[in-house]
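Colleague: Give the three-dimensional model of this entry:
(2 chains)
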Amino acid sequence: MLIVDKLNVFIGHDKIVNQVSFNIKSGEVVGLIGPNGAGKTTIMKTILGLTKFTGEVKVNNKKVTETNHHALANVGALIEHPAIYPFLTGRQNLELYSQQSSDMDYLIAALEMNNYIDTKASGYSLGMKQKLGIAIAFLNTPQLIILDEPMNGLDIESTIKVRQLIDCYAKNGTAFLISSHILSELQKVMTRAILINDGQIIMNQEVTKFNHLIQQDYKVMTENNSLAEAVLETKKINFARQDNYLLVKPQNLYQIQDELLKQNIHLREMSPVTADFEQIVVNILANQREQHD
Amino acid sequence: MIINIKQEFYKQRHKRIIWFIPVILLILMIMALCTLGYGESKRLLMTCYDAPDWIMFILVIIGSTMFSMEFQNNAILTILYKASKKLDVYLSKYIVVIIYDCFLHVLAIIFTIGLKSITMGTTITWTTIYEYHQPIWLNMLNTMLIDLLTTMLIISLVFLLSCLITSNAIVITTSFLVIFLGQAVSANLLNLGKFVNVLKWNPLNMVSLTRQYYNFAMYYSTTHLENVQIILGTLGYLLIFFILGYMIFRKRKFY
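Modeller: Alright, predicted model coming up:
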């Protein structure tokens, strides 16, 4: 569906995007993750032919260039802020881009916008505008939808509705490229994550594989933790205390087991600490910084 | 391109001001009738009660807001990626303003016919010979046609300024300065007496096209250009402003 190959974007003399390559297949939901200024929005804008670039962007095997957007006929997008005309009502904003009214009615119902859709958009709250912007991106059943921070300003119910909408469209073959700072939300919908920093891709993995990419700590509880601590200290094995547990590194697990058994200290519990996605990303970025330093 | 034009029409159609403008135009035309009075009846008919000046005023505001509304609401990004080419976006806006321009001119003619029948009755007939040894009805039609050209030049200038300057207020002010003071600046320039043959082709001189057509004797002495020359100059600058405006729009970065 989408092929991005060796993408480079310069703003002035600064290289904002550096040799970025990735593909997205139909029905895939890909999260574009990275710190502020990493180049996420620039990549999205470039795919939409809004910036100058070198490399290649193809949608449905058709090339996208800054001057030719024919390939984008079946692409929906929400970039930065929702593109809404305040003098039009919500429905009129949708009508402006809509090719089929049934599609429009479905989106109004799915995002629960019935109550205000016929009032002027100038009076909309941030969340209402955001939902309208999302609805515009989903209009005409696009083959590829690009969403930049779609959950901005949305309440919990609306966030769930948007997630359901993404799921539903993805099941019908729509490909998604989504960036969000709310990683816990993104984690619930995305099938693959592309981690980007300083305009370069650091990681491009299935979400399920991310957990194995970093060393997770293990939490250990023994019959006698204070004795166990003394043993670990004597053997110079690193550990940390957390509530009633000792946090240890996975590479030390077998050694710890052996040493504790030698002292006749029995284990009550030993389990991996469940890594949350945000922490994984933070750790990966921190590791990258350390390597650079 | 057709989709872009349709979208542009849709947006303009839903702006309340667009539907008030004909009423405003009529009020301004009646004001011209009241202030100039019957002594200038023939001139009033030829100029559709000063409609060219009012239409110019209206189009500057409409034209400048066409771009500013896109930049203010960030809608420009959506329009640009949805359009096949940037030229489609620029051209569709231009076409829609020109069509609205034509609509206002037709409306001005209709209002003139109505106002004449109410206020002048049969004291002056449409067949009365007036400027250029032509009947007044022909004078009026020619003035409106020529004014279409002048307004197209102004729209091109407004579009060029809108792409150069982000502030809508500055675009409107600059355009008004060109329209209403440009002719005076140009006249002062030509009064210096040097390089008149070159300086008479300055763009500010072309803004006087309509005024010169309905008041040749007065304006020829300041523009130093024949009607045909000023028409050719207007066409030339119209093209230059349009191309320049589009080139700036194409190069402009929207981030």
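Colleague: how about the residues of chain B near chain A?
Modeller: Within chain B, the positions lying close to chain A (CB under 8 Å from any CB of the partner chain) are B:7, B:10-11, B:14-16, B:69, B:73-86, B:250, B:253-255. Backbone N, C-alpha and C define where each C-beta goes, glycine included.
Colleague: hmm, try it at 7 Å
Modeller: B:7, B:10-11, B:14-15, B:69, B:73-75, B:77-78, B:80-81, B:83-86, B:254-255 (CB under 7 Å from any CB of the partner chain).
Colleague: Among the residues you listed, name the buried ones.
Modeller: B:7, B:10-11, B:14-15, B:69, B:73-75, B:77-78, B:80-81, B:83-86 (16 or more other CB atoms under 10 Å in any protein chain shown).
Colleague: Phi and psi next, for the residue nearest the centre of chain B.
Modeller: Nearest to the geometric centre of chain B sits B:Thr151, at 2.1 Å (CA atoms, centre = their mean). The phi/psi pair for B:Thr151 (degrees, to the nearest 10) reads phi -70, psi -30.
Colleague: State the number of residues packed around the residue nearest to it when sequence neighbours are not counted.
Modeller: With sequence-adjacent residues excluded and distances taken as CB to CB, 6 or more residues apart in numbering or on different chains, B:Thr151 is closest to B:Asp101, at 5.1 Å. Neighbour count of B:Asp101, defined by other CB atoms under 10 Å in any protein chain shown: 22.
Colleague: Which secondary structure state does the residue in the stretch 51-200 of chain A that chain B sits nearest to sit in?
Modeller: Closest residue of the stretch 51-200 of chain A to chain B, CB to the nearest CB: A:Ala83 (3.8 Å). What DSSP: H, G, I helix; E, B strand; the rest coil gives for A:Ala83 is coil.
Colleague: Spit out the contact partners of it.
Modeller: Neighbour list for A:Ala83: A:Gly133, A:Ile136, B:Asn73, B:Asn74, B:Ala75, B:Leu77, B:Thr78 [criterion: CB atoms under 7 Å, 6 or more residues apart in numbering or on different chains].
Colleague: Now intersect the residues you listed with the helices, please.
Modeller: Counting by DSSP state H, the part of those found in helices is A:Gly133, A:Ile136, B:Ala75, B:Leu77, B:Thr78.
Colleague: nearest to B:Leu225, of those?
Modeller: Nearest to B:Leu225 among the ones in helices among the contacts of A:Ala83: B:Ala75, at 41.3 Å, using CB to CB.
Colleague: and the closest residue to the closest one other than its chain neighbours, what are its phi and psi?
Modeller: Excluding its sequence neighbours, the residue lying closest to B:Ala75 (CB to CB, 6+ apart) is A:Ala83, at 4.0 Å. A:Ala83 adopts backbone torsions of phi -80, psi 90, taken as degrees, to the nearest 10.
Colleague: Could you double-check that A:Met1 sits in contact with A:Pro142?
Modeller: No - counting by CB atoms under 7 Å, A:Pro142 is not a contact partner of A:Met1; they are 10.4 Å apart.
Colleague: Please enumerate the helices of the chain.
Modeller: Using chain A. A:40-47, A:90-97, A:101-110, A:126-138, A:156-171, A:183-189, A:207-210, A:225-234, A:253-262, A:277-292.
Colleague: oops, chain B please
Modeller: B:2-13, B:16-36, B:41-46, B:51-72, B:75-82, B:86-119, B:136-164, B:168-191, B:196-199, B:203-206, B:209-214, B:216-223, B:227-251.
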